[in-house]
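In: got a structure for you, letters missing:
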């Protein structure tokens, strides 16, 4: 179902799509294990999308993306931008916010350089089969 929701059409041959599916699926199950309410669940998934799009779409460096996460989590420097308005710290307890930060560090920021390479460095040989 996550594959359909994310509109992944080349999952068997695209490492990028496989990583995206793994990223969002792992986040989904982690949030479920945290027993987040529906609103918390939605805001957490929005946050996952924001940090991912900062890397993939906006090509932010690790430092820039961490600053954006800090602003989102603390509410400092809020503007009218959609990204910051999606995430409301008031819907999470301090313990939950710390757990979210820990989760993002372990699942996303720890592998940031590899993700940058995968999404922004052109490889010479295209993958043409499952092998």
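Out: Received, thanks. Keep in mind it's a predicted model, so treat the numbers as computed, not measured. Numbering: from 1, shown residues only.
In: pLDDT-wise, which helix or strand of this protein ranks last?
Out: Lowest by mean pLDDT, DSSP states H and E among the helices and strands of the chain is helix 82-86, with a mean of 46.
In: next secondary structure element downstream of that one?
Out: helix 94-107 (DSSP states H and E).
In: pull out the buried positions in that following helix.
Out: Residues 96, 100, 103-104 are the ones in helix 94-107 that count as buried (16 or more other C-beta atoms under 10 Å). The C-beta positions use only the backbone N, C-alpha and C, and glycine is treated the same way.
In: any chance of those in CSV, plus distance to residue 31?
Out: As requested, these are exported to CSV (distance: C-beta to C-beta, whole Å):
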residue, distance to residue 31
96, 10
100, 9
103, 9
104, 12
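In: widest-spaced pair of those residues?
Out: Using C-beta to C-beta, the two most remote members of those are 96 and 104, lying 12.7 Å apart.
In: that older thread, now the buried residues of helix 94-107 as JSON lines including distance to residue 121 and pLDDT?
Out: Formatted as JSON lines, the buried residues of helix 94-107 follow (distance: C-beta to C-beta, whole Å; pLDDT from 0 to 100):
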{"residue": "96", "distance to residue 121": "35", "pLDDT": "88"}
{"residue": "100", "distance to residue 121": "29", "pLDDT": "91"}
{"residue": "103", "distance to residue 121": "27", "pLDDT": "93"}
{"residue": "104", "distance to residue 121": "23", "pLDDT": "90"}
